[in-house]
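Undergrad: output the structure for:
(2 chains)
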There are 2 protein chains.
Amino acid sequence: MEPVNIIGAGMTPFGILNDSLVQLAEIASFKAMSDSQTLDLKFDHLVVGSQNPDEFVNKGHLSTLLADSLGIVPAGATRVETGPSSGSSAFETAFTMIASGYSDLVLVIGVEKMSEVDRGTASKILAKMMSYENETRYGATPTALAAMVARRYMHDYGLKRDELSLLPVKAHRNGAKNPLAHFQKEVTMEQVRNARVIADPLTLFDCCPTSDGAAALALASDRIVRDLGVSDQSVRVLGVGHGTDYHAIQHRLSLTSFGATIAAADGAFSMAKIDPTDIDVCELHDAFSILELVNMEDVGLANRGQAIEMVKDGATNVDGQIPVNTTGGLKARGHPTGGTGVAQIHDIYCQLLQKAPKALQVSSPTIGLTQNIGGFGNNMVVGIFSAP
Amino acid sequence: MEPVNIIGAGMTPFGILNDSLVQLAEIASFKAMSDSQTLDLKFDHLVVGSQNPDEFVNKGHLSTLLADSLGIVPAGATRVETGPSSGSSAFETAFTMIASGYSDLVLVIGVEKMSEVDRGTASKILAKMMSYENETRYGATPTALAAMVARRYMHDYGLKRDELSLLPVKAHRNGAKNPLAHFQKEVTMEQVRNARVIADPLTLFDCCPTSDGAAALALASDRIVRDLGVSDQSVRVLGVGHGTDYHAIQHRLSLTSFGATIAAADGAFSMAKIDPTDIDVCELHDAFSILELVNMEDVGLANRGQAIEMVKDGATNVDGQIPVNTTGGLKARGHPTGGTGVAQIHDIYCQLLQKAPKALQVSSPTIGLTQNIGGFGNNMVVGIFSAP
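TA: Residues are numbered from 1 along each chain as shown, chains lettered A, B, ... in the order given. Presented below is the predicted three-dimensional model:
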């Protein structure tokens, strides 16, 4: 397997934005190209992760559209879709293109523009990631399923509502220092506790927003890294894993653990030949606060039911032992679905190269991890990355 | 680069079918698994190519849905979309997964279910592959663009309307002998000439239908081939290439040649280290009759303006020197958009293993080629394959 390097990254602010889908992808892409000194190089391939541009913005054939607008024709161009993990799956495809020797330089884009449709339409589009036969037709929503996960987790492990509130408080504390975050203001325990209930026990602050935004990466072979002389400014991809689980949550073995994450993490750690104790910083898919705990445990950063102790101890803070979601996570950085996975990798890339916003920079991390959820807990991609 | 093998293939009939999208994918997949003796093996990954299941059948998150219904959870599962070349792009992604050593066994599915919406809606969905700003908003359709290509080709090379008719006649002659084809009856020169005009000079018989259907492949590493002892029943992937061109046809250098095909063919032939004279049988994307000529020339099987001479000489017939679209092509086999690219590879696999329908079997071919178009002529994938 040929080594794969991230030689540049860029992202737009996340939020409710005026820019179009294509403009967002362009802004992030040109930042990544500029960051990697590849503006005048020949890209072999473009892989774009986007959940549903056809229905969110009525745009089809996004891969060619972007290859053209970015000026990288005749690069092969592919769109990848796995629901909200589309960005990470695009990264995975690009990774195998370089790891196989098929390509030397690949542009990865994750993008979604969710605010052009009204909230009801957005909910209907997003609900398609769930099982119609087993979930949606009975009125279940992603938030309702997350509430079931939270209730069961509370029952099994004694988690308290006020403990859960520590997660959005941390997310917003980090987001407040991230100039690209959707929400850049802190929230208090009081605010989380008193916010309106969305699906009991989850309140408004337990749920990520829908956002517009894009992120991009330039992935390169060792040959390109040598040619550009950027080995000391490149992040190495150590491991990638991808796993699925039964589509409907009722068919799964557990409500409080996602088999797809376990499979994806197994794959990524095996390839990287390291274990979870080696991780210095990570980005986990906290679309709902409870998921940050579940994900920490499934990835192997905490024992079952124990993740909350690490949160309470401050171990997952920016200055803690294993900082989680330093840039605000989905909760505060925002969640343009197809964009999230690439943004997670962008943020880990910045951490490993000491380019994160100063107040969010972890002290000399050498290994970072990303975990991105597709569907409701059934299509996961995990990536592991190392500093130069 | 690790060698990549096709160890099994399957497809449904193409046509207007009662089966659902998921049923079609299941039928093709279980045929491919059965053909490859992998029903009880662990698939590392599933890659499904489908243009627009969200709008054609209101189904989202197809990758997980199929991983679950096929019983291959926790395999990583990804959907790939590049318009009507989605199936070939899914194959390309699966190819790099094995070529990199990331995966040993990958299931590739190409599927589309187009007949659940009415014809007007289908046209609107398909029109999204074109440039809205430059084409669709002025009323252009894929057929209208193909008609422009035909007119220009006639002007530049002196092609006659009756010469063009030889292509649908050949397509239907082959389709009539293919039990899986959408159209299994022959048409005469008279019928083509007198059919209603769709976009002058193209008549009804110059245009492929919209179809339902699925095809699937089992791709495997040499390790799996050895373990199963199937090296004499496997087709080797010799080359893959992918290219794009400017989204709107007005921005391209030529109307009668597609740069994206040239780029894709260059990539595939370089990897395969052979040239077009080595091809024994091929499947080209004849969504419109004129495209078969353009594609033959872009792939390098004929000189500019000369492809029609080969057709007239019978060189592209099943018993000719370089048989093209032996199973009926898109015109007669049918065109369920995301399904087509995988069906093309399925048919070349059958030819190379001497498993084609008897009347369509080419005499001992050793090298086959597929060419699949995404968008209107702007996102092409070419594959080259060899007999055991």
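Undergrad: report the contact partners of the residue nearest to A:Arg161 when sequence neighbours are not counted.
TA: Leaving out its chain neighbours, the residue that sits closest to A:Arg161 by Cβ to Cβ, 6 or more residues apart in numbering or on different chains is A:Pro201, at 5.7 Å. In short, each C-beta sits where N, CA and C put it, glycine included. A:Pro201 is in contact with A:147, A:150-151, A:154, A:161, A:164, counting by Cβ atoms under 8 Å, 6 or more residues apart in numbering or on different chains.
Undergrad: for A:Pro201, phi and psi?
TA: For A:Pro201, the backbone dihedrals (degrees, to the nearest 10) come out as phi -100, psi 10.
Undergrad: could you measure from it over to B:Ser165?
TA: 70 Å (Cβ to Cβ, to the nearest Å).
Undergrad: A:Gly241: neighbouring residues, count only.
TA: Look at A:Gly241: counted by other Cβ atoms under 10 Å in any protein chain shown, it has 26 neighbours.
Undergrad: with A:Arg193 instead?
TA: Neighbours of A:Arg193 (other Cβ under 10 Å): 13.
Undergrad: give me the element it is part of.
TA: helix A:189-194 (DSSP states H and E).
Undergrad: each with direction, which strands does the next helix or strand after that helix pair with?
TA: Beyond helix A:189-194 on the C-terminal side, the first helix or strand identified by DSSP H and E is strand A:197-199. Its sheet considered, strand A:197-199 pairs with strand A:202-203 (antiparallel) by DSSP bridges.
Undergrad: ok, back up a step: among the contacts of A:Pro201, which are located in helices?
TA: Judged by DSSP state H, helices contain the following of the contacts of A:Pro201: A:147, A:150-151, A:154, A:161, A:164.
Undergrad: chain B versus the residue nearest to A:Met33 when sequence neighbours are not counted, what's the distance?
TA: The shortest distance from A:Met33 to any non-neighbouring residue, by Cβ to Cβ, 6+ apart, is to A:Leu39 (4.8 Å). For A:Leu39, the distance to chain B (Cβ to the nearest Cβ, to the nearest Å) stands at 18 Å.
Undergrad: looking at A:Leu39 now. What's its pLDDT?
TA: pLDDT, A:Leu39: 96.
Undergrad: you'd agree it is in a helix?
TA: No - looking at A:Leu39 with DSSP: H, G, I helix; E, B strand; the rest coil, it is coil, so not inside a helix.
Undergrad: was I right about A:Ser231 contacting A:Val225?
TA: Yes - using Cβ atoms under 8 Å, A:Ser231 is in contact with A:Val225, at 5.3 Å.
Undergrad: nearest the geometric middle of chain A, what residue?
TA: Taking Cα atoms, centre = their mean, the centroid of chain A lies closest to A:Gly341, which sits 3.1 Å from it.
Undergrad: which parts of the stretch 51-200 of chain A are strands?
TA: A:76-81, A:105-113, A:197-199 (DSSP state E, counting those that start in this stretch).
Undergrad: now render those as JSON lines, adding mean neighbour count and mean pLDDT.
TA: What follows is the strands of the stretch 51-200 of chain A, written out as JSON lines (neighbours: other Cβ atoms under 10 Å in any protein chain shown; pLDDT from 0 to 100):
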{"stretch": "strand A:76-81", "mean neighbour count": "32", "mean pLDDT": "98"}
{"stretch": "strand A:105-113", "mean neighbour count": "31", "mean pLDDT": "98"}
{"stretch": "strand A:197-199", "mean neighbour count": "16", "mean pLDDT": "96"}
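Undergrad: what's the closest of these to A:Lys177?
TA: strand A:105-113 (22.5 Å; Cβ to Cβ).
Undergrad: starting at the chain centroid, how far to that closest one?
TA: Centroid displacement of strand A:105-113 relative to its chain, using Cα atoms, centre = their mean, to the nearest Å, is 13 Å.
Undergrad: export it as CSV, just CAs?
TA: Written as CSV, here are the backbone C-alpha positions of strand A:105-113 (Å, rounded to 0.1, in the frame of the first residue of the first chain):
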residue,chain,number,x,y,z
LEU,A,105,-3.0,13.8,-6.3
VAL,A,106,-6.6,13.8,-5.4
LEU,A,107,-8.9,16.6,-4.2
VAL,A,108,-11.5,15.6,-1.6
ILE,A,109,-14.5,17.9,-1.0
GLY,A,110,-17.2,17.5,1.6
VAL,A,111,-20.1,19.9,1.1
GLU,A,112,-23.8,20.4,1.9
LYS,A,113,-26.1,23.4,1.4
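Undergrad: please report how far A:Ser50 lies from chain B.
TA: 9 Å.
Undergrad: look up the closest residue to that residue, ignoring the ones flanking it.
TA: A:Gly338 (3.9 Å).
Undergrad: count of residues packed around that neighbour?
TA: Count around A:Gly338 with other Cβ under 10 Å applied: 37.
Undergrad: SS state for it?
TA: helix.
Undergrad: so which bits of the stretch 251-388 of chain A are right by chain B?
TA: Within the stretch 251-388 of chain A, the residues that sit near chain B (Cβ under 8 Å from any Cβ of the partner chain) are A:251, A:259-260, A:263-264, A:267, A:271, A:374-375, A:378-379, A:381.
Undergrad: quick one on the thing from earlier: reformat the ones in helices among the contacts of A:Pro201 as a markdown table; add pLDDT and neighbour count.
TA: Listed next are these as a markdown table, based on pLDDT from 0 to 100; neighbours: other Cβ atoms under 10 Å in any protein chain shown:
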| residue | pLDDT | neighbour count |
| --- | --- | --- |
| A:Ala147 | 98 | 21 |
| A:Ala150 | 98 | 26 |
| A:Arg151 | 98 | 18 |
| A:Met154 | 98 | 17 |
| A:Arg161 | 96 | 15 |
| A:Leu164 | 97 | 26 |
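Undergrad: re the thing from before, what lies in contact with the helix holding A:Arg193?
TA: In contact with helix A:189-194 (Cβ under 8 Å, 6+ apart) are residues A:161-162, A:165-166, A:168-169, A:203, A:205-206.
Undergrad: now that helix: average pLDDT?
TA: Across helix A:189-194, pLDDT averages out at 94.
Undergrad: distance check, A:Glu282 against chain B.
TA: Slight slip there: residue A:282 is Cys, not Glu. Counting by Cβ to the nearest Cβ, the gap from A:Cys282 to chain B is 20 Å.
Undergrad: burial count for that residue?
TA: Using other Cβ under 10 Å: A:Cys282 sits among 30 other residues.
Undergrad: residues contacting A:Phe183?
TA: Contacts for A:Phe183 (Cβ under 8 Å, 6+ apart) come out as A:172, A:175-176, A:209, A:328, A:331-332, A:334.
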